[in-house]
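**Student:** Next input, structure requested:
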Amino acid sequence: MVEIKTPAEIEAMAEAGKIVAAALAAVGAHAAPGVSLLELDEIARTVLADSGATSPFLGYQPAFAPTPFPAVICTSVNDAIVHGIPGRYRLRDGDLLSVDCGALLDGWAGDAAVSLTVGRPRPDDLALIATTQTALEAAIALCVPGGRIGDLGHAIARTGRAAGYGIPDDFGGHGIGRTMHEDPHVANRGRPGRGLTLRPGLVLAIEPMFTAGGTDGYVTAPDGWTLSSADGSRAAHVEHTVAVTDDGPRVLTRP
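**Tutor:** Model prediction:
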C-alpha cells in the first residue's frame with residue numbers, strides 16, 4: 001500500500017534525512033587510500049549515535065539475504081554495484097566507492113547514497129559518477145503532482161543508455177516513510193506517462209545505478225549481499241529521498 005505523508009511527517013523525515021547527509025559527508029571526508037571499510041562504518045555509526053538515530057540497515061534481512069546485514073552503511077567498491085558489506089579491505093588509490101546509508105529518527109526513515117573516487121580519480125570513473133548523478137537529478141525534477149512513476153524510470157534509463165552504460169536488472173528505488181522500504185517500487189527503467197500518479201505527500205527513495213561496461217546483468221557474491229557487474233566493469237550508485245509537494249520536489253537528504 002502506498003502511504004501519503006502529511007507536511008508534518010515530511011518535516012520529520014527531513015530531520016532523518018539531515019542525519020543521513022551528515023553521515024555520508026563524514027564517510028566521504030575519511031575515504032582515502034589505506035582506510036578500511038570497517039573504519040568508514042564506524043564513522044557512520046558515530047554520526048548516527050551522536051544524532052540520536054538508529055540504522056535501518058543494521059540487522060536488516062530481506063527474503064533474498066541469507067544473513068542479517070551487519071553494518072550501518074553499504075560500501076561497494078569498483079565493480080560492486082550495491083549492498084557491499086564493510087570489511088577489512090583497505091581503500092586503494094583510484095578506487096571507485098559507493099556508500100549507501102540510512103537513518104531512523106523518531107519513527108521516520110531517510111536513505112541516500114553517493115559514489116566517489118579515492119585518491120587520484122580515473123576519468124572514466126568521474127564520467128560514470130557524473131552521468132549517474134545527472135540521471136538522479138533528472139528523475140528528481142519529475143517528482144511533481146500529476147506526473148507518473150514511469151516518467152522517473154524513463155528519465156534514468158534514457159540518461160544511462162545515452163552514455164552506453166548498463167542498468168542492472170531488477171533493482172531500483174522505493175517508497176520510504178516509517179520503514180526504509182515501502183511501496184511503490186521505483187524502477188530505473190520505465191515508460192513515460194505510465195504507472196502510479198504522483199501525489200503531494202508521496203515520498204520516494206530514487207536510486208539510479210549504472211555499470212560502465214554496458215551490460216545489465218549482475219552476480220551475487222558468496223556473502224549473499226554484494227551485487228557486482230556481470231562483466232566486471234565499474235559501477236556507480238547515487239540516491240536521494242524525495243518528497244512530492246505542491247511546490248515541487250523536495251529533496252530530504254541533501255547536505
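
**Student:** rounded to a whole number, what's the mean pLDDT of stretch 115-127?
**Tutor:** For stretch 115-127, mean pLDDT rounds to 98.

**Student:** who's in contact with it?
**Tutor:** Residues outside stretch 115-127 that contact it (C-beta atoms under 8 Å, 6 or more residues apart in numbering): 28, 31-33, 91-99, 128-129, 132-133, 163, 212, 234, 236-238. The C-beta positions use only the backbone N, C-alpha and C, and glycine is treated the same way.

**Student:** Filter those down to just the buried residues.
**Tutor:** Those of the contacts of stretch 115-127 that meet the buried threshold are 28, 31, 91, 95-99, 128-129, 132-133, 163, 212, 234, 236-238, by 16 or more other C-beta atoms under 10 Å.

**Student:** which residues touch the residue lying closest to V47 once chain neighbours are set aside?
**Tutor:** Nearest residue to V47, sequence neighbours excluded (C-beta to C-beta, 6 or more residues apart in numbering): A23, at 4.1 Å. Neighbouring residues of A23 by C-beta under 8 Å, 6+ apart: 43-44, 47-48, 72-73, 101, 103.

**Student:** So which of those residues belong to strands?
**Tutor:** Counting by DSSP state E, the part of these found in strands is 73, 101, 103.

**Student:** between the residues you listed, which is nearest I10?
**Tutor:** I10 lies nearest to A103 out of the ones in strands among the contacts of A23, by C-beta to C-beta, at 15.4 Å.

**Student:** and P184, that's in a helix?
**Tutor:** No - counting by DSSP: H, G, I helix; E, B strand; the rest coil, P184 is located in no helix; its state is strand.

**Student:** ok, now which ones touch P255?
**Tutor:** P255 neighbours (C-beta under 8 Å, 6+ apart): 21-22, 24-25.

**Student:** Please report how far it lies from A25.
**Tutor:** 6 Å (C-beta to C-beta, to the nearest Å).

**Student:** how about the strands in the stretch 51-200 of the chain?
**Tutor:** For the stretch 51-200 of the chain, the strands defined by DSSP state E, counting those that start in this stretch cover 73-77, 80-82, 96-105, 108-117, 172-175, 182-187.

**Student:** what's the last one in contact with?
**Tutor:** Pointing back at strand 182-187 there. 1-3, 149, 152-153, 172-176, 195-196, 204-207.

**Student:** Flag every buried residue along that strand.
**Tutor:** Here strand 182-187 shows 182, 184-187 as buried, counting by 16+ other C-beta under 10 Å.

**Student:** filter the ones in strands among the contacts of A23 to the buried ones?
**Tutor:** 73, 101, 103.

**Student:** out of everything not next to it in sequence, what's closest to Y60?
**Tutor:** Excluding its sequence neighbours, the residue lying closest to Y60 (C-beta to C-beta, 6+ apart) is F69, at 4.7 Å.

**Student:** Number of residues surrounding G248?
**Tutor:** By other C-beta atoms under 10 Å, 12 other residues sit near G248.

**Student:** Thought G146 was touching it, still the case?
**Tutor:** No - if you go by C-beta atoms under 8 Å, G248 and G146 don't touch, sitting 11.7 Å apart.

**Student:** in the longest helix anywhere in the chain, what's buried?
**Tutor:** Counting residues, the longest helix found in the chain (DSSP state H) is helix 7-30. In terms of neighbour count (16+ other C-beta under 10 Å), helix 7-30 has its buried residues at 9-10, 12-24, 26-28.
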